[in-house]
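Novice: Got a predicted structure here, sequence first:
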Amino acid sequence: MSGVIQALALLAVLLGGYGLKRAHVFGPKDYKVMEGVVFDFTLPGAIIYSFSTNEHHLDMLWLSLFGVISSLIPLLLIFVSTRHLQIRDRVFLMLNGCGMNVGNFCLPIITALLGQGASMSVIMFDIGNSLMMCAGMYAMTTSLLHIPQNGPVDLSHVGNDVAKLPYHRLTDPHARWLRRRANIRNVIRSFYTSVPFDTYVVMVALMIIGVRLPEWFANFFGPISNANGFCSMLMVGMLMDLPASAADIKSVFSVIGWKLLFGILLGVAAWYILPFEPLVRKAVVLVCLAPTAVFSTLFTDRVLGNAKLAGFTLASTGILSLILITTLNALIPI
């Protein structure tokens with residue numbers, strides 16, 4: 001019961017963040033401040049705290065592999081299944097219909113529901129998920145749809161029957177090399193500028209060489225970790241904006257449909273395939289119901305200049321995810 005109450009409290013924080021923005025206590029861009037707090041402080045603190053206080057072993061890297069697969073397969077399936085749609089819709093679905101908001105959303109909720117012992121399962125899954133969320137999802141979407149990676153793209157001139165931009169192959173080998181190098185540098189920059197991803201890398205490296213963090217690490221990062229749930233939900237609420245048209249509503253429902261489909265299929269696969277104890281498998285099943293990733297909002301804004309709709313999608317899938325995770329937690333015995 002206490003876990004359910006904590007989950008409801010997080011939902012209240014999310015709705016409170018949106019309400020405060022509507023009341024103009026928060027400005028439309030103030031979420032960027034909270035975004036910096038979450039990504040640069042509270043989420044890395046939660047990762048370090050979990051590594052400091054929970055048992056972990058190299059076999060758990062299988063969860064990281066499952067995390068990569070859980071983000072990669074949906075992206076490819078959406079790309080193949082939406083080849084009849086217009087490019088704007090394909091971009092929105094590919095960036096928002098795959099990938100999971102694990103560290104900022106599922107980690108605090110599942111920890112509240114299952115206890116601190118389940119946090120390592122969530123974090124190890126998120127290591128693989130982060131490979132796609134930090135850069136892989138954006139790089140693959142832009143490459144598959146032939147979209148430049150150098151900022152917002154003007155698609156106003158694109159016809160309704162265009163599913164992807166035409167590919168212009170450079171004839172000059174040196175120019176091709178320069179373009180390829182620029183794309184690779186953009187991908188690498190997305191990884192090393194992500195503090196949570198860098199934290200994951202350091203923690204996994206310490207795990208591989210067998211270094212245990214001292215107890216004072218847990219004592220120091222405990223309060224920071226405890227703030228992650230509140231700050232993350234407040235940030236999601238501040239991102240939220242209502243759809244502006246019927247087409248926007250249709251786009252949101254399309255993302256929700258894809259998320260539900262993949263969540264069910266991946267959850268079943270996690271329960272029956274992963275070679276771990278029931279608590280670990282249950283944690284991964286719940287993670288598979290995660291909402292749209294925060295990076296999806298950032299990348300949607302980068303390509304389409306439409307962060308508001310992506311933010312509403314994140315908040316909508318977040319509310320639905322919270323309901324589903326809480327319900328499924330009560331239905332799955334361990």
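Specialist: Cool, got the structure. Residues are numbered from 1 along each chain as shown.

Novice: Could you use CA atoms for every contact and neighbour count after this?
Specialist: Noted.

Novice: what's stretch 301-315 in contact with?
Specialist: 14, 88, 96, 151-154, 236-237, 239-243, 248, 252, 255, 291-294, 296-298, 300 (CA atoms under 8 Å, 6 or more residues apart in numbering).

Novice: And those residues, which of them are buried?
Specialist: Buried by 16 or more other CA atoms under 10 Å: 14, 88, 96, 152, 236-237, 239-241, 243, 248, 252, 255, 291-294, 296-298, 300, out of these.

Novice: so where do the strands sit in the stretch 51-200 of the chain?
Specialist: In the stretch 51-200 of the chain, no segments count as strands under DSSP state E, counting those that start in this stretch.

Novice: In helices, which of the buried ones among the contacts of stretch 301-315 fall?
Specialist: Those of those mapping onto helices are 14, 88, 96, 236-237, 239, 248, 252, 255, 294, 296-298, 300, per DSSP state H.

Novice: of those, closest to Gly210?
Specialist: If you rank those by distance to Gly210 using CA to CA, Val294 comes first, at 32.0 Å.

Novice: Contacts only, for the closest one.
Specialist: By CA under 8 Å, 6+ apart, the neighbours of Val294 are Asn101, Leu314.

Novice: Swap in 10 Å and give it another go.
Specialist: 35, 96, 99-105, 133-134, 232, 235-236, 239, 310-311, 314-315 (CA atoms under 10 Å, 6 or more residues apart in numbering).

Novice: Tell me, how many residues neighbour Phe262?
Specialist: 21 (other CA atoms under 10 Å).

Novice: Over to Leu8?
Specialist: Neighbour tally, Leu8, other CA under 10 Å: 16.

Novice: Wait, it touches Ile323, no?
Specialist: Yes: counting by CA atoms under 10 Å, Ile323 is a contact partner of Leu8 at 9.0 Å.

Novice: May I ask which helix or strand of the chain has the lowest mean pLDDT?
Specialist: Lowest on mean pLDDT, DSSP states H and E among the helices and strands of the chain sits helix 173-192, with a mean of 74.

Novice: Can you give me every residue that contacts Ile188?
Specialist: Cys134, Ala135, Gly136, Ala182.

Novice: One more: Trp258?
Specialist: Counting by CA under 10 Å, 6+ apart, Trp258 has contacts Pro74, Leu77, Ile78, Leu93, Met94, Asn96, Gly97, Cys98.

Novice: any idea which helix or strand carries it?
Specialist: Assessed by DSSP states H and E, Trp258 sits inside helix 246-273.

Novice: How about whichever helix or strand comes after that helix, which residues are buried there?
Specialist: Following helix 246-273 in sequence order, the next helix or strand is helix 278-287 (DSSP H and E). For helix 278-287, a neighbour-count test (16+ other CA under 10 Å) marks Leu279, Val280, Arg281, Lys282, Ala283, Val284, Val285, Leu286, Val287 as buried.

Novice: what do you get for stretch 260-276?
Specialist: Quick answer for stretch 260-276 (16+ other CA under 10 Å): Leu260, Phe262, Gly263, Leu266, Gly267, Ala269, Ala270, Trp271, Phe276.

Novice: swap in stretch 210-217?
Specialist: Leu213.

Novice: ok, now stretch 138-147?
Specialist: So for stretch 138-147, counting by 16+ other CA under 10 Å, buried means Tyr138, Ala139, Met140, Thr141, Thr142, Leu145, Ile147.

Novice: Could I get those residues in a markdown table, plus columns for pLDDT?
Specialist: Shown next, in a markdown table, are the buried residues of stretch 138-147 (pLDDT from 0 to 100):
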| residue | pLDDT |
| --- | --- |
| Tyr138 | 83 |
| Ala139 | 82 |
| Met140 | 85 |
| Thr141 | 87 |
| Thr142 | 83 |
| Leu145 | 84 |
| Ile147 | 80 |
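
Novice: Which of these fall in helices?
Specialist: Among the buried residues of stretch 138-147, the members falling in helices (DSSP H) are Tyr138, Ala139, Met140, Thr141, Thr142.

Novice: Please tabulate the buried residues of helix 278-287 in CSV, including the columns distance to Asp40 and pLDDT.
Specialist: What follows is these, written out as CSV (distance: CA to CA, whole Å; pLDDT from 0 to 100):
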residue, distance to Asp40, pLDDT
Leu279, 29, 92
Val280, 27, 93
Arg281, 29, 94
Lys282, 29, 95
Ala283, 25, 94
Val284, 25, 94
Val285, 27, 95
Leu286, 25, 95
Val287, 22, 94
